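1. pasting the structure only:
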């Protein structure tokens, strides 16, 4: 009897969680398959579900959607660039700090932690001015470099934690075997860090794809903006086609969800690794 | 094969001096064991030979060539670590061939050397496995295989058997010794286990607090320890040591007059000494030290008897079975010729 | 001497290897050189994109006039109040929920594990789709929430986003919705680090669920909970999306928080003001950041 009561209690908690989590998501989906009228009728399921909205989006058939494909391409390009660059920068830095025990590694690690703790929104204003000085405003590189700056600290921290777990004797054995620093990095370190590298690459990629504030501060030209900013433009008028917005939003939200689902085992392990130390 | 020479080697970690002027010559093809308690400096000495630690003072030479400033990979040595240090993401074959691959040797040569080592160590069925799929003993053999493949001048072993269970340790001891007899490579072996030292070494260097207490062949150390430390470190169960005073050519200890070996230089009347006798050289007698049996441990072929003479505990080893039982009052006498006398103040051997 | 002769003649086996002795300084420096080379990219990124911008920003915030203007702006005072309320309420509610839910999600059931994968979605997906979705749900005329309220009670639901109090509350709700999964995960990891034997010993000793929490769980995760709360406060200060995408700071700039206020000044081309807004928050942020760094700092 006790067992059933316990299970019932768990279910009692689970149902609100499910509703709370999925309601806004379902709502996006609901709007995206509704016609303009049924969307505004407040119905829970459209009278005539349709895929017409998606067709409009793909055909770039509306004022706000004229550059849809360019924008989604920008989002992709920026996300991948950030993922790759963050991985490169962080892997090398973590190797230098953790295995090569470079002088000043501790200072750099602390500087990185500082950047990680400061709220990103605070850094946005100075970053905006600095990018102006560098002449990078409106180039996709400004967003890429800004995101790399924001993603690297956490990446280095996680990779350093993971790297510290590797036994020091491996490096000694490799040195005796005749390895140069580069060989140690290439043939021993990187293969052993693979799961963490996957987690970090995915993290940086998703971070960049999801970013809004920096994107809309640093990029403004219709052709350079990523999809996030394009979506923001819909709010310019009160009369925008919300159902089209939601259809586009669904397309925009799908990749991170899918990637997260595919790599979830790496993500949870890799990202909470640093946490429990606190 | 090569000679190894340590010449007045010093080392400090910060303010702590860990090695005080070690000098040691290892002959070509010799199996030298460095043994001592934790913190005695034996591992540090080995790691300096390997090039993993900086040398604080003095010289280390391999084959007559001073290697103080030579990089590990150019010293032509191979090392087997306590924790094996196998690369987890490489197969056994790749682990063993790694050093050759780094040198960019021809694949053919690598395969040949690896196959050879695998044959010697019975690793052929495991070549494509990963370290995590192997048992402790197998991993240890892969670590040795990795060392053999390099065909180095010197093998270095850093407490390789410490992580294995007792039974496996006995088996691996024999394998390492057999390997040495086959390859005849100069070997420097570090351990804290004196049994390993006794069974495997050509010569043993007993170390304590950064100094070599005694250097010699195993049985020489066993039969003629030069000081108290070596006497108590070598041999299991440990030598019985108790206080005594020299009087008229004999030693008064534990309420009895005990014979003393020829008193060499320094055996003066009234001198306080430490009287040493190994358990197997202490016998039940009709007269001698009065003691009471505390515990009898029959081990089948031998019997270990723990006795108390006053506050002193004594251990006795007799062949075969014993009729003694707990609480029995007995007399113990040392066998002539197997007595060790040490000066109580300096710990040095008198006779 | 023989030793010298052998050294000079090489005496090496495998003659394809050069046996040039490398001095300790040079040997050490090969590894140190690579260390410097590999850490350089990040150092460069840091100097160009953090150090310079921050220094430049602080320099821009040097005019006392910016602060006077700031304090005289009626919006500012309201913003500070909003921010404080937001921090205190949102963060603590979020963490209490996270504490409770982390206890739920550690139960070992297959369906709970599936639920936890779904539960992460709010955190993983971008803010715009989801916050806009909630925004539309809350639309007073045609939003789903008010439609349902009307259907069940016949009454008109409130104007969620045009009422400053409700608007801010909804922004907090959005923030919690988005951030809760991450912190639940962190607290879960903390709970999972507690050895099962401690709970088993407590069971044998006759402890109730509440007692198990009080005497086994809480002492172990207390530090994690507090540290995470602090970190979350720092980050929540920077939560731009929740307010901006939901209410835009309105109505009449009444739901602004510091993060959105700064950006509002940028849009108005008052950069000095924007920087001043941020500097004003620093006396609160910096001690917290310092504290966090001490906790996590790299001990050699």
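-> Perfect, I can see it now. Predicted model, so just to flag it, every value in this text is computed and none were measured. Numbers count the residues shown, from 1 in each chain, chains lettered A, B, ... in the order given.

2. what residues does the residue nearest the centre of chain B make contact with?
-> Taking Cα atoms, centre = their mean, the centroid of chain B lies closest to residue B:197, which sits 3.0 Å from it. Residue B:197 makes contact with B:33, B:35, B:191, B:204, B:218, B:234, according to Cβ atoms under 8 Å, 6 or more residues apart in numbering or on different chains. For glycine as for every other residue, the C-beta is placed from the backbone atoms N, C-alpha and C.

3. now the helix or strand encompassing residue A:203: mean pLDDT?
-> In this assignment (DSSP states H and E), residue A:203 forms part of helix A:190-210. In this model, helix A:190-210 carries a mean pLDDT of 92.

4. and the helices in the stretch 201-350 of chain B?
-> B:218-223, B:228-233 (DSSP state H, counting those that start in this stretch).

5. look up which helix or strand the residue nearest to the centre of chain B falls in, please.
-> Take DSSP H and E as the rule and residue B:197 turns out to sit in helix B:194-200.

6. what's around residue 44, how many residues?
-> Since no chain was named, I'll use chain A. Residues near residue A:44, counting by other Cβ atoms under 10 Å in any protein chain shown, number 11.

7. that answer is for a different chain, and I need it for chain C
-> Neighbour count of residue C:44, defined by other Cβ under 10 Å: 11.

8. now do it against residue A:89, distance only.
-> 9 Å (Cβ to Cβ, to the nearest Å).

9. against residue C:233, how distant is the residue in chain A that chain C sits nearest to?
-> Chain C sits closest to residue A:119 of chain A, with a gap of 2.2 Å, by Cβ to the nearest Cβ. Using Cβ to Cβ, we find residue A:119 at a distance of 10 Å from residue C:233.

10. please apply the same query to residue A:39.
-> Taken as Cβ to Cβ, the span from residue A:39 to residue C:233 is 38 Å.

11. these two - which one has more neighbours?
-> Neighbour count, other Cβ under 10 Å: between residue A:39 and residue C:233, residue A:39 has more, with 23 against 19.

12. any idea which helix or strand in chain A has the lowest mean pLDDT?
-> Within chain A, confidence by mean pLDDT, DSSP states H and E is lowest for helix A:264-272 among all helices and strands, at a mean of 69.

13. what residues does the stretch 101-250 of chain B put near chain C?
-> For the stretch 101-250 of chain B, the residues in contact with chain C (Cβ under 8 Å from any Cβ of the partner chain) are B:103, B:153.

14. in which helix or strand does the residue nearest in space to the middle of chain C reside?
-> Central residue of chain C (Cα atoms, centre = their mean): residue C:235, 4.2 Å from the mean position. Per DSSP H and E, residue C:235 falls inside helix C:218-237.

15. return the set of buried residues in that helix.
-> C:221, C:224-225, C:227-228, C:230-237 (16 or more other Cβ atoms under 10 Å in any protein chain shown).

16. what's in contact with the next helix or strand after that helix?
-> Using DSSP H and E, the helix or strand that follows helix C:218-237 in sequence is helix C:241-246. Residues from elsewhere that reach helix C:241-246 (Cβ under 8 Å, 6+ apart): A:212-213, A:232, C:127-128, C:131-132, C:134-135, C:161, C:167-168, C:170-172, C:174-175, C:178, C:249, C:255-257, C:259-260, C:263.

17. check stretch B:97-115 too.
-> Residues outside stretch B:97-115 that contact it (Cβ under 8 Å, 6+ apart) are A:174, A:176-179, A:183, A:187, B:78, B:87, B:90, B:93-94, B:96, B:124, B:127, B:145-146, B:149-151, C:17.
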